[in-house]
Each structure stands twice: as structure tokens, then as C-alpha cells.
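Trainee: predicted model, plus sequence, below.
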Amino acid sequence: MSRFAASMNVSLFIPCFVDQLAPRVGLAVATVLERLGHTVEFRPAQTCCGQPAFNSGYWDEARTVARHALDVFAGAGAVVGPSGSCVAMLRVFYPQLFAGMPEETAALDLAGRTFEFSEFLVKKLGVTDVGARFPHRVTYHDGCHGLRELRVRDEPRALLRAVRDLELVECDEAESCCGFGGLFAVKFPMVSTAMAEVKAGSLARTECDYIVSSDPSCQLQLDGWLSKNDKRPRTIHLAEVLAGTEGFR
Amino acid sequence: MIAPTPGHPALASQAATDPRLAKKQFLRDAAESVRDTGHRAFVRKALGGYYTNRDAQKSRYGDWEQARDAASLAKWSAVNHLDEMLPRFVANFEAQGGVVHWARNADEARTIILALLRDAEARAVIKSKCMTSEEIHLNQALEADGYGVVESDLGEFIQQLRGEPPYHFVFPCMHVRRDEISDLFEQHLGTAPTDSPEELTMIARRHMRRLYVEADVGVTGANFLVAETGQISITENEGNARLTAALPRIHIAISGIEKVVERLDDLAVLLPMLATAGAGQQMTCYNTLYAGPKRAGECDGPEEMHLVLLDNARTAILADPEQRDSLHCIRCGACLNVCPIFKNVGGFTYGTTYQGPIGSVITPHLRGLADWNHLSGASSLCGACTDACPVRIDIHTHLLHNRRNAARTSPGRLEKLGHRFFGLVARRPWLFALGGWLFRRTLPLAKALRPPPLSAWLATRDLPPAPQESFRAAWKRRR
């Protein structure tokens, strides 16, 4: 099915909270990539990207974590992750974090071969139809880091449009933040929750069956608020939609 | 003159704010604001038309992104050559009869202005919209010295009657309902209630006309200072700034030193962008260039024209190469209009002259990082502000840099320790995996006990149940 790219070696970048709370997302990424004929590896020495410390301003502490990630992914080929936010950490923020330091070369090297899942499929592999079927009405939630740091906007939508029997609708707050923001969610919980209410409300007004996202951190926030308030729908990761072949012939 | 009404509850706490308590006040006011769902809905609705109009106007640009580049470059080159641009502006301005006064800080600026009023034996002052005057708390100083002060901008006039500072530095009374304005005018001006925006505007205008003539001094702000011509550019929608500058005997303009641009041509991009980004307009209704007082043979205009050039920490920002571009700000307010924090906590919660993302960037420079870093923390770093900025200020990165600078100079001891401990674990994959296993196993217990910071999450949001196995375990089995 991979008509545009030869078989590639892909190293999975599984964010720490996906490892612990949403392993199904990582497995779905592997399923899609393998179905397209690529070789997928997972380096079990990987831990966290260091974004919590980085975003809180504790850059020395963030570097400790980031150095470990640089070591883990050294020589790994393409690094692909299912979270726009964590990928932005590797690709956009590592070069800032290590600017003018001995690790800068390694940071730039890693940045150059790290991809968010949907952009890897569309831009690197040239694939939009991965052979999935998902007979549901869905809307897409843009995670801010994917949207504004990685400039990934059209890729997930192109992938969704190619899914059989899927109806994609847009919400009226498509580019608004869900309010997660890492530790912001617990440092300013009232503001974070108000943002979740606005975004989840807008997503729900589309009367879709699922909210598709490329960021499990946004999913945590949106599902957390929706569940607490007994509201529907719930989120699903793009990789899970693309891995789905529900009734596909 | 008009006595202000007792203000908004948020204002009372703002006035009483000890800088050390700024964060506590922010958290309390933010919690109160987000509970007021009616107010939040009102603010969103008030901005609804802005998005539509802004996008319609943006589509009229050949290339909005290129226009942003041009606007950014115009401000960049002026700010990075301030040492040449300011003297050039001053020489050209003074050659036309204007007088420049340099003020290092708010105190000096107030002293200068009070001295000018004293020398002129002035009694009444009329003002048009001027955020730098808010920054130096001019009205309070004038009133304390017995001068009558009236705001001539409709929004600012409403805020003055309400006894509140601006809610939004471009739309000062965007949070006020029309019926509240009608009641306010009825109470203060004795006018009949009305629901018509036109009639409300006319009430204020009729009230104001006489005051322009009676005022000895008109105080305005400045949107741009044009170095090559020595002109001050003022943008407005009501014509009140023109009357404020032209009718009284003395015109005093107040401007931050960063407002200078080199060429008159720079305004060709900056004026429409200010209007589009700030208010969703193609151009604001009035854009006027002021160059000195009335000359010999002219029948209109002030006898004296003064310009107070205010530093107030701007040179400190200039000295910081990382955040220097925050001096590009043309105070359009676009970053506030798109900011999900602003839209949910409202303008008063910030407790600052400049609200929203840009205010959170510059306030620590104006009033101290240790006391005002919480504003930089109160952001999901979503970056909507940076994308909206017509002069390409990297606003959300500056918020992050403020956090980093604060973590260096005044770290939270417990938080630093927490991140250090996390780093210790994250460098050891086996320990990290063990920690993850423990986290999953103890999650039900933690949900029951709710230790902080989990409690902050669980109060308003659920957490999914932890899966039986981690990804790394599932992967091992899958192979």
C-alpha cells in the first residue's frame, strides 16, 4: 500500500503518559505504519521528553531529561510520535534548550528527523489513504503545539477524508486551545477548566460521534471534562481511527 | 466635575493590591470571573463580530503575512535604531515649535505634566484615549491636585463614570451592557433612558462639546512618532482626539519612546494593520498627524504643544535582546481578542494597565518579575497571540522566557526539587518504568485520597482508569 515511499525504519516516540495511560494509541501507530510496510522499532530506554520542566521554566532540570532522550534516539532514523506537543518538544524546543551548548548538534539532528504521526504519513510517506474504515461522524480537535509549533493542520484532515464512511465536520472553535497546557492545568485549574468547557462545548455542538485528536494530552483534558460533566461525545486518537478497519472489505 | 461611581468589585481588590499579593489576587479574581458564565458569554459575544470583520479585512490584503513582515520590519528597524530615531524625531518636532520633555519613569512624567498645568494656570483638562496616561496613573494625580479631568473617548468616559480602569486597552468598556450605559448616563448626566447606541453616543457628545471649549489643556496619547517629519500620528474612531488636541490652549501628548518609526511611508502599512488587527476595520475613521502648535497666521490649534516621552522600563526591555521585540507592540489589542485566557478571566483579573498576553510579557519589566511572573504562568502557551500579532512579536515564547527567568532568580523551592527528582528518575529507564507501574497501581488510591496537585485536576475533571499494562509491556508481549 505504500506507493510513494520505500520501506522505512521508524522508531516510535511514545510519550510517558501514553506509555502509562493510553498504550492503545502507541499500538495503533505501530499497526498503521506496519500495515503500510514499514519496520517499526521501540527503544525501551526512552522515558520523558522533559516538557513539564521546560514549560515551567526549569530549563536545567529539563536538560537533564532531554539529554537522555538525545542519547536514546541517537542514530534511530525517523522518530515518529503520536503527540503534537511532545514532538514539538523534540523538534522545536530542544534546539532552543541546547542553543549554544555542546548538545546543540545532536538536538538539531534529532529535530530534523522527528515527526508527528499525521505529518509523517502525509508529508514524509506521501500517503493519505491508509485503507481504514470508520463509519462515524467525527470532528477534529487541533492541538495547539501541532497546529502552531509544527504547522500541522491539513494533514490529519486529509487522512480523515480518505477514511471510508467517515464524515468530517468542523467545529466553530477549531483553533481554540482546550486548556490543558501541561502543569498549567493544575496550577491554574479554574482557567484551564473554563477553556475545556468552551472547547468541549464547541466540539460537542457538531453532534459528532467522536472527537478525533492527534494529541493524547488534549484528549486527557477534553475527556476529563466531558466525563466529569456526563457529556458526549468522547475523543479518539487519529491513529486509532486509521488503524480501524471496522467492517472493511 | 463628575464624581465617579464606586467601581467594579474587581477594582476594589485591584486598588488594595500589595504587589506581593498580586498572584493571590489573580487566582481569586480568576476563579470568580470563570464562575460568572454570563459575563464570559457576553465577552465572547462582544468579540464575535470582531473575528468576522478582521477576517474580511485581512482578505483584502494582497498577502497578510507579507504585510506582517513589512510592519514588523518597520518597527524592528526603528526600535533597533532608537538612538538615532529619537533625536531625529525630537529635532524635527521641535523645529515645528513643539516642546519635548523626557520622563524616566511614571513619577517624572506626572511631575512634568503637573508643572505644565501649573505654569499654564489651567483648571480643566480634557483627555482622549491614552494608555500611557493609565500607565503613569495620571488621572489620579491630576484629581489629587484639584484639576477636573474628563475622558473624551466614549469608552473611556463610560469607564471614568463607572470608576473603573479600562477592561481592555483598546475596547475599554467592552464588558458593559448597553442598558448599564443608559443607567449610568441617567444617573450622572440626567438623561432619559435609551436602548439606541446612536442616542447614547449623542448624549456623550452633547455633554462633551462644551467641555472641549472650557478645557485649558488637552491630553492625548500617540500611536506613532514619525522621525523624518517630526509628526505625531493619532488613530481614533470618534473625532474626539482631534478636538482634544485642537481646541484647548495647550496640547500635551504622552508617548512611550518605542512609538517612533522612521518614515511617513511606514504608516502606509502600520495604520491599516493597526485597524485590521485591532478592531477588524480597514482603517480607523480618523488618522491625524500633528506637527507642532498653531503657527503664525493660522487660526486654529493649540498655542503650545508638548510631548512627554516616557521611558518607564522601556530601555530595560531594549537592553534585553531576547524580549526587545516586545517594544514593537502597536497596542492593537489583537492578542487579547484571540486569547482564551483573556476571554475567560476578563480584563480586570490581570490587575495591570496592559491586559492579555502582551501585558503579561511587559508587566514583569514594568513592575518586577518576582511579583508578576504568575501572569506568564497563567497561559497554556497555545500561541494564538503570536499568530495574531500584526508586528510578529513572539509573545508566547516571551511568556515562556519569563518563566525561565523567574525560575532562575526566584525559583519555587518545592517545584524545583520536584523537577530535579523527576529528572533523576527519567534518566534511569528501569526506575522510570517502575515509577509508571507504581503510578498505575496506586491511581485508584490516589483518586480517593486526592493529594495535590491531583486534587486540582480531579475537582473539575475525571482521569481515565489506568490500563492493565503499559505500552512498553504490551510492546514486549507483541513482539
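Mentor: Received the coordinates, thanks. Numbering: from 1, shown residues only, chains lettered A, B, ... in the order given.
Trainee: domain ranges for the chain?
Mentor: As the question left the chain open, I've gone with chain A. Following automatic domain parsing, one gets these domains for chain A: A:9-124, A:137-243.
Trainee: um, chain B though
Mentor: With automatic domain parsing as the reference, chain B has domains B:9-315, B:429-478.
Trainee: let's have the ones you listed in CSV, adding distance to residue A:109.
Mentor: (C-beta placed from N, C-alpha, C; glycine too.) Below are the domains of chain B laid out as CSV (distance: least, Cβ to Cβ, whole Å):
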stretch, distance to residue A:109
domain B:9-315, 30
domain B:429-478, 21
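Trainee: among those, which comes closest to chain A?
Mentor: domain B:429-478 (3.2 Å; Cβ to the nearest Cβ).
Trainee: rewinding a little: now render the domains of chain A as JSON lines, adding mean pLDDT, distance to residue B:444 and mean neighbour count.
Mentor: Formatted as JSON lines, these follow (pLDDT from 0 to 100; distance: least, Cβ to Cβ, whole Å; neighbours: other Cβ atoms under 10 Å in any protein chain shown):
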{"stretch": "domain A:9-124", "mean pLDDT": "98", "distance to residue B:444": "13", "mean neighbour count": "21"}
{"stretch": "domain A:137-243", "mean pLDDT": "97", "distance to residue B:444": "16", "mean neighbour count": "22"}
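Trainee: could you dump those into JSON lines with distance to chain B added?
Mentor: Shown next, in JSON lines, are those (distance: least, Cβ to the nearest Cβ, whole Å):
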{"stretch": "domain A:9-124", "distance to chain B": "3"}
{"stretch": "domain A:137-243", "distance to chain B": "3"}
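Trainee: a markdown table for those, including distance to residue B:390?
Mentor: Below are these laid out as a markdown table (distance: least, Cβ to Cβ, whole Å):
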| stretch | distance to residue B:390 |
| --- | --- |
| domain A:9-124 | 23 |
| domain A:137-243 | 16 |
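Trainee: quick one: which of the ones you listed is nearest residue B:441?
Mentor: Among the domains of chain A, the nearest to residue B:441 by Cβ to Cβ is domain A:9-124 (10.7 Å).
Trainee: and the end-to-end length of that closest one?
Mentor: This stretch, domain A:9-124, spans 12 Å end to end (Cα to Cα, to the nearest Å).
Trainee: may I ask which helix or strand encompasses the residue of the stretch 251-400 of chain B found nearest chain A?
Mentor: Relative to chain A, the nearest point of the stretch 251-400 of chain B is residue B:380 (2.8 Å; Cβ to the nearest Cβ). Secondary structure from DSSP states H and E places residue B:380 outside every helix and strand.
Trainee: angles on the backbone of it, please.
Mentor: Per-residue torsions, residue B:380: phi -80, psi 0 (degrees, to the nearest 10).
Trainee: for it, give me its contacts.
Mentor: With contact set as Cβ atoms under 8 Å, 6 or more residues apart in numbering or on different chains, residue B:380 has these partners: A:144, A:177, A:179, A:180, A:181, A:182, A:184, A:192, A:195, B:340, B:341.
Trainee: the third one in helix, strand or coil?
Mentor: Three-state assignment for residue A:179 (DSSP: H, G, I helix; E, B strand; the rest coil): coil.
Trainee: what pLDDT does the one residue sitting closest to the centre of chain B get?
Mentor: Centroid check for chain B by Cα atoms, centre = their mean gives residue B:354 as the closest residue, at 2.9 Å. We have a pLDDT of 97 for residue B:354.
Trainee: for residue B:251, what are phi and psi?
Mentor: Dihedral pair for residue B:251: phi -110, psi 120, per degrees, to the nearest 10.
Trainee: if we can go back for a sec, so the residue nearest to the centre of chain B touches residue B:131, yeah?
Mentor: Yes: the pair formed by residue B:354 and residue B:131 meets the contact definition of Cβ atoms under 8 Å, at 7.0 Å.
Trainee: which residues do those two both contact?
Mentor: What both residue B:354 and residue B:131 touch, as defined by Cβ under 8 Å, 6+ apart, is the set B:169, B:331.
Trainee: identify the residue nearest residue B:195 in space, chain neighbours excluded?
Mentor: Ranked by Cβ to Cβ, 6 or more residues apart in numbering or on different chains and with sequence neighbours excluded, the top spatial neighbour of residue B:195 is residue B:178, at 6.3 Å.
Trainee: elements contacting the longest helix seen in chain A?
Mentor: In chain A, with assignment by DSSP state H, the single longest helix is helix A:189-204. In terms of contacts (3 or more Cβ pairs under 8 Å, 6 or more residues apart in numbering or on different chains; DSSP states H and E), helix A:189-204 is packed against strand A:137-141, helix A:184-187, helix A:216-228, helix B:22-35, helix B:340-345.
Trainee: which among the domains of chain A is found nearest to residue B:84?
Mentor: domain A:9-124 (29.9 Å).
Trainee: any idea how far that closest one is from the chain center?
Mentor: Averaging C-alpha positions (Cα atoms, centre = their mean, to the nearest Å) puts domain A:9-124 11 Å from its chain's average.
Trainee: ok, which stretches of the stretch 151-300 of chain B are strands?
Mentor: Secondary structure of the stretch 151-300 of chain B by DSSP state E, counting those that start in this stretch: the strands cover B:217-220, B:224-226, B:231-236, B:250-256, B:260-261, B:286-290.
Trainee: save those as a markdown table, and put in mean pLDDT too.
Mentor: Below are those laid out as a markdown table (pLDDT from 0 to 100):
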| stretch | mean pLDDT |
| --- | --- |
| strand B:217-220 | 98 |
| strand B:224-226 | 98 |
| strand B:231-236 | 98 |
| strand B:250-256 | 98 |
| strand B:260-261 | 98 |
| strand B:286-290 | 98 |
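Trainee: can you lay out those strands as JSON lines showing mean neighbour count?
Mentor: Formatted as JSON lines, the strands of the stretch 151-300 of chain B follow (neighbours: other Cβ atoms under 10 Å in any protein chain shown):
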{"stretch": "strand B:217-220", "mean neighbour count": "28"}
{"stretch": "strand B:224-226", "mean neighbour count": "26"}
{"stretch": "strand B:231-236", "mean neighbour count": "24"}
{"stretch": "strand B:250-256", "mean neighbour count": "25"}
{"stretch": "strand B:260-261", "mean neighbour count": "25"}
{"stretch": "strand B:286-290", "mean neighbour count": "17"}
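Trainee: can you tell me which of those is nearest to residue B:459?
Mentor: Proximity to residue B:459 (Cβ to Cβ) singles out strand B:250-256 among the strands of the stretch 151-300 of chain B, at 41.8 Å.
Trainee: what's the closest one packed up against?
Mentor: So strand B:250-256, by 3+ Cβ pairs under 8 Å, 6+ apart, packs with helix B:106-119, helix B:131-135, strand B:217-220, strand B:231-236, helix B:240-246, strand B:304-310.
Trainee: output the below-cut-off pLDDT ranges for the stretch 1-150 of chain B.
Mentor: B:1-20 (pLDDT under 70).
Trainee: so how far is residue A:159 from the most centrally placed residue in chain A?
Mentor: Central residue of chain A (Cα atoms, centre = their mean): residue A:83, 2.1 Å from the mean position. Look at residue A:83 and residue A:159: by Cβ to Cβ, to the nearest Å, they are 16 Å apart.
Trainee: how about residue B:383?
Mentor: Applying Cβ to Cβ, the value for residue B:383 to residue A:159 is 23 Å.
Trainee: please apply the same query to residue B:358.
Mentor: 36 Å.
Trainee: nearest to residue B:316, out of the domains of chain A?
Mentor: When those are compared by Cβ to Cβ, domain A:9-124 sits nearest residue B:316, at 19.6 Å.
Trainee: what residues are up against residue 142?
Mentor: Picking chain A for this. Contact analysis of residue A:142 by Cβ under 8 Å, 6+ apart lists A:153, A:174, A:175.
Trainee: look at chain B instead
Mentor: Taking Cβ under 8 Å, 6+ apart, we find residue B:142 in contact with B:113, B:114, B:117, B:125, B:149.
Trainee: same question for residue A:213.
Mentor: Per Cβ under 8 Å, 6+ apart, neighbours of residue A:213: A:140, A:141, A:143, A:219, A:222, A:235, A:236, A:237, A:238.
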